[in-house]
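J.: What would the 3D arrangement of this be:
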Amino acid sequence: MIAHERDRFYPDEIRKKADLSRFGRAPISSAPVEFRTMEYGKIPKQPMIGPAPPARNFSLVGGLLVLILTALAFYLGAENVGGFLQDVEKPQRYVLAGFFGLLGFGLLTWGNIRKPILGAIIGLLGMAGLLAMAYYLPVHRSATAVGSANEFESSVIGDQSEKEEAPAFFPGITEEKLTPQQVMRKTRWESAVLPLVSRGDENQVAAIWVRSMEEFHNLQIRKYLQQELELPIRPDFRTLSDGGIFVLSGIPLDLDQVEFVAERFGEIEQVIPELRLIQMQVNPTVLGEVSNELTSKLSNPDDGAFYSLNYAELIALDRGRVKLAIKRLATAEPIRMRKDITVRLVGLLSEKHDPETLGDLAKAIEVWSEEGDGADRIVADMGTRMRLRGQPVPDEILRFVAERKTPTAASMMVDLWAESPVTRQSYLESYGSQAAPLVEPFLRSEEVGMARSAAIMLGKIGTSAQLPAMQEALAESSDDELKLVLEEAIKRVSQR
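T.: Here you go, the predicted model:
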């Protein structure tokens, strides 16, 4: 049977006008659909989830280095005489400390990206530390040893804050401050000072009003002021109903320096910059007269008042009296008032002295000071400054620092020995092995005599650390005498 294939179709599809709506079909329009748009959070910064950028790390390390190095520089520059902060007063130090403190604060805050508050706290603490160092570190002045002497006095005597502001010998001191107009009336300003001011520049005139002084003391004070301030003429003096007034003129005058000099013979009550005037009370102990009876007591160590009287003489305004007191104390036994007299003697280093008096002063300090009290450092600083100014250093200073083996004076001692090996060799020998590394380079001196002296010196004070240099110098030397000296020196050092 043969079946024919027929076309396929849906039911009713073949019918004409068939309604096909009964079949399923796609919707004509889409039904409304509700949905929420996805929300994204802020993308985290890369340094917060990964390593900090190198610039931030450098900033963090740089901030720490700025604070640490500045603190170290402040300490080294202000702790010793001759440092780079010498003569830099506290206001200038505050500026330096504030600048580097702010720089360190900024670098630490910016560099610590994850914990900026911690960086800010460390920066603030560092800045506070720098400002504290600027306040507490001593101020050394090149012209005098005032800063060192004050520091020495504090370390030996202790805190002086419990003393009364006005000592007993200043009964007229008052805290009541006179106005400039009142001062002008009391000092007869127009007749006593203005005529001198009109002679030249105002900065070349300064006045010291000394209240309640004896008129016959004016010559002593005038002579002292002229010497200390190196005035071309003695100050003019006018007697007042309330003491007297000294008018200084002839050269430019720093009012702070005038005040410092005036403190030597009295107590400052007030300074009036607009008048360039210093108001003060005189210390009668400084200006006292020496009688025959007093001279006898000052010269007799067995007298019960010997030490106290000579102690008082050290502050006399008359230079001759001070010199005599120094000489007497340089040969006396330090059995009474040792700390007080030592402080007075060290304080005198801040004043000008001739070489003979300076030598006597160093000898007296050697007698009265004790090991560890710091006097040797002050004396060594004085010798170093004299050396820098080209002044001869007294042998008494060299002997003192050599016996105490003051570290800060080692290089000075070697330099002085190099200038005069024969006369200064004994001082360097007293210094001992501390000076040996500084002597070692002289083995290669082109002057054979100096090389021989260095070899002899190292034979006495050298250590095993100098042996390689001595053996090398022996191998290179062509001088027979130097070779013999080196061989002997090497033998002595090796045996030690």
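
J.: List the residues that contact Glu366.
T.: 396, 399-400, 403 (Cβ atoms under 8 Å, 6 or more residues apart in numbering). All C-beta spots, glycine's among them, are computed from the backbone N, C-alpha and C.

J.: Return a ChimeraX selection command for the buried portion of the residues you listed.
T.: In ChimeraX syntax, the buried subset of the contacts of Glu366 is picked out as below (16 or more other Cβ atoms under 10 Å):
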select :396,399,400
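
J.: Can I get the contacts of Glu366 in JSON lines including secondary structure and distance to Asp340?
T.: Listed next are the contacts of Glu366 as JSON lines, based on DSSP: H, G, I helix; E, B strand; the rest coil; distance: Cβ to Cβ, whole Å:
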{"residue": "Glu396", "secondary structure": "helix", "distance to Asp340": "22"}
{"residue": "Arg399", "secondary structure": "helix", "distance to Asp340": "24"}
{"residue": "Phe400", "secondary structure": "helix", "distance to Asp340": "20"}
{"residue": "Glu403", "secondary structure": "helix", "distance to Asp340": "23"}
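
J.: Return the closest of the contacts of Glu366 with respect to Ala262.
T.: Nearest to Ala262 among the contacts of Glu366: Glu396, at 30.4 Å, using Cβ to Cβ.

J.: Read off the pLDDT value for the closest one.
T.: Looking at Glu396, its pLDDT is 87.

J.: that older thread, mind picking the two most distant members of the contacts of Glu366?
T.: Glu396 and Glu403 (10.9 Å).

J.: Now do Leu486: how many residues are near it, please.
T.: Neighbour count of Leu486, defined by other Cβ atoms under 10 Å: 26.

J.: Need phi/psi at it.
T.: phi -70, psi -40 (degrees, to the nearest 10).

J.: need the contact list for it.
T.: Taking Cβ under 8 Å, 6+ apart, we find Leu486 in contact with 443, 455, 470, 473-474, 477.

J.: can you rerun that using 6 Å?
T.: 455, 470, 474 (Cβ atoms under 6 Å, 6 or more residues apart in numbering).

J.: can you confirm Glu190 is in a helix?
T.: Yes: counting by DSSP: H, G, I helix; E, B strand; the rest coil, Glu190 is found in a helix.

J.: Can you say which helix or strand has the spatially closest residue to it that is not a sequence neighbour in it?
T.: In space, and not counting its chain neighbours, Glu190 is closest to Met184: 7.6 Å by Cβ to Cβ, 6 or more residues apart in numbering. In this structure, Met184 sits in helix 180-186 according to DSSP states H and E.

J.: starting at the chain centroid, how far to that helix?
T.: The chain centre lies 39 Å from the centre of helix 180-186; the measure is Cα atoms, centre = their mean, to the nearest Å.

J.: residues of that helix that come out buried?
T.: The neighbour-count check on helix 180-186 (16+ other Cβ under 10 Å) flags 183-184, 186 as buried.

J.: Give me the contacts around it.
T.: Helix 180-186 has contacts (Cβ under 6 Å, 6+ apart) with 242, 272, 275.

J.: Give the buried subset of these as a PyMOL selection command.
T.: This is the PyMOL syntax for the buried subset of the contacts of helix 180-186, where burial follows 16+ other Cβ under 10 Å:
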select buried, resi 272+275
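
J.: will you turn the contacts of helix 180-186 into CSV that also has distance to Lys90, secondary structure and pLDDT?
T.: CSV is the format used below for the contacts of helix 180-186 (distance: Cβ to Cβ, whole Å; DSSP: H, G, I helix; E, B strand; the rest coil; pLDDT from 0 to 100):
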residue, distance to Lys90, secondary structure, pLDDT
Asp242, 35, coil, 81
Ile272, 22, strand, 91
Leu275, 25, coil, 87
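
J.: Now for the chain, the helix or strand with the poorest mean pLDDT.
T.: The least trusted helix or strand in the chain, going by mean pLDDT, DSSP states H and E, turns out to be helix 146-157, with a mean of 53.

J.: Any idea how far stretch 474-486 is from the middle of the chain?
T.: The answer for stretch 474-486 is 46 Å, by Cα atoms, centre = their mean.

J.: For it, give the mean pLDDT please.
T.: Mean predicted lDDT for stretch 474-486 stands at 85.

J.: What of stretch 250-257?
T.: Stretch 250-257 comes out at a mean pLDDT of 87.

J.: Straight-line length of stretch 359-375, end to end?
T.: Separation of the first and last residues of stretch 359-375 by Cα to Cα, to the nearest Å is 15 Å.

J.: Okay, buried residues for it please.
T.: 359-369, 373-375.

J.: Also stretch 293-308?
T.: So, applying 16+ other Cβ under 10 Å, buried residues of stretch 293-308: 298, 306-307.

J.: List of residues touching that stretch?
T.: 309-310, 332, 336-337.

J.: picking that back up, mind checking how far the residue nearest to Glu190 is from Gln434?
T.: 60 Å (Cβ to Cβ, to the nearest Å).

J.: Likewise for Asp303?
T.: 42 Å.

J.: cool, and Pro284?
T.: 47 Å.

J.: Mind splitting the chain into its structural domains?
T.: 52-136, 180-282, 408-496 (automatic domain parsing).

J.: closest to Leu348 out of those domains?
T.: Per Cβ to Cβ, nearest to Leu348 of those: domain 180-282, 10.7 Å.

J.: can you give me the end-to-end distance of the closest one?
T.: 21 Å.

J.: how far is that domain from where the chain is centred?
T.: The answer for domain 180-282 is 31 Å, by Cα atoms, centre = their mean.

J.: Next: stretch 487-496.
T.: Relative to the chain's own centre, stretch 487-496 is displaced by 42 Å; criterion: Cα atoms, centre = their mean.

J.: buried set for stretch 322-341?
T.: Buried-residue list, stretch 322-341, by 16+ other Cβ under 10 Å: 322-330, 332, 334, 338-341.

J.: Might you list the low-confidence residue ranges for this protein?
T.: Low-confidence segments of the chain, defined by pLDDT under 70: 1-51, 79-84, 86-87, 138-176, 192-193, 195-202, 289-290.

J.: Now the longest helix seen in it: buried residues?
T.: For the chain, the helix with the greatest residue count under DSSP state H is helix 54-79. By neighbour count with 16+ other Cβ under 10 Å, helix 54-79 contains the buried residues 56, 59-60, 62-64, 66-67, 70-71, 73-74, 77-78.

J.: JSON lines for the buried residues of helix 180-186, including distance to Arg211?
T.: JSON lines is the format used below for the buried residues of helix 180-186 (distance: Cβ to Cβ, whole Å):
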{"residue": "Val183", "distance to Arg211": "11"}
{"residue": "Met184", "distance to Arg211": "15"}
{"residue": "Lys186", "distance to Arg211": "9"}
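
J.: Sort out which of the buried residues of stretch 322-341 are in helices and list them.
T.: 322-330, 338-341.
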